[in-house]
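Trainee: Generate coordinates for the sequence data below:
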Amino acid sequence: MSITRRFEQDHWERQEDDEIVQLERSNDRLEAIELDLDSLWEVGFPSFSYLIFALARFASKHPTDVSTIYTYETPSVNRQYFHNAVFFAVVGNHSRGLLDVIKNALCHQVGVPEDGIPETVRESTSTVKAWNSPDFIDVSDCAPVFHIEDGFAWKIYDAGTWFTDSAWI
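Mentor: Sure, this is the predicted structure:
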C-alpha cells in the first residue's frame, strides 16, 4: 500500500479531501549528523534514500511520533579533510533517537533490508562515513526530506507531495 499527502504552504489552498503532513519546524540551531557524501558514492550508493527503510521501522515502533528530518548540503572540512557533506537535523519528539537511527543506517545499513542495498555496496570494501557533527544547523537553511507521522515514514516526492509505502517496514 502506498499513500501520498500534500503539505500546506501559505500559497496553497487546503482541499477538503487532502490529508496534510504536519511538518515540524524549529527556530533553534540543531545538532546534526554529517554525512561524507563522497564516501557514500565511493561505496556505491547513488543517494541516501535507503534511509527510508530504517526510518519506516522507527516510525512503526513510535506511532505517535511526529518528526521531520531536514538536510543541508555544503562542502565541509570537518574531520580535517575536504568533502561534500550532507547534514541531517531532526525536529520532533525523538530527535536524538532519530539521529542515531540515521547515523547507524548510513554507516552500517542498520534497519535496511538486504534487497535495499545494491550488490555493489555489499561487495565494497569502503565504508560510508557519517558522524555527530560539531556544527549545529539552522533548519531555515535546510530542506525537509523525510517525515515521521502516524506510524509511517514519508519521503518528499515533489514540491508539496509526500509519499509513503508500507513495504518499507
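
Trainee: C-alpha from now on. contacts and neighbour counts both.
Mentor: Noted.

Trainee: Hmm, I148 and V66 touching each other?
Mentor: Yes: the pair V66 / I148 is scored as a contact, 5.3 Å apart, by CA atoms under 8 Å.

Trainee: which of these two has more neighbours?
Mentor: Comparing V66 with I148 by neighbour count (other CA atoms under 10 Å), the higher total belongs to I148, at 29 against 23.

Trainee: Can you give me the distance of the more buried one to E42?
Mentor: 29 Å (CA to CA, to the nearest Å).

Trainee: now swap in I20 and tell me
Mentor: Per CA to CA, I20 is found 37 Å from E42.

Trainee: likewise V110?
Mentor: 19 Å.

Trainee: Likewise for E123?
Mentor: 12 Å.

Trainee: Check L35 too.
Mentor: For L35, the distance to E42 equals 13 Å [CA to CA].

Trainee: Compare these two (neighbour count), which wins?
Mentor: Ranked by neighbour count (other CA under 10 Å), L35 and E42 place L35 first, with 27 against 15.

Trainee: quick one, what contacts the more buried one?
Mentor: By CA atoms under 8 Å, 6 or more residues apart in numbering, the contact list for L35 reads A85, V86, F87, F88, L106, V128, K129, A130, W131.
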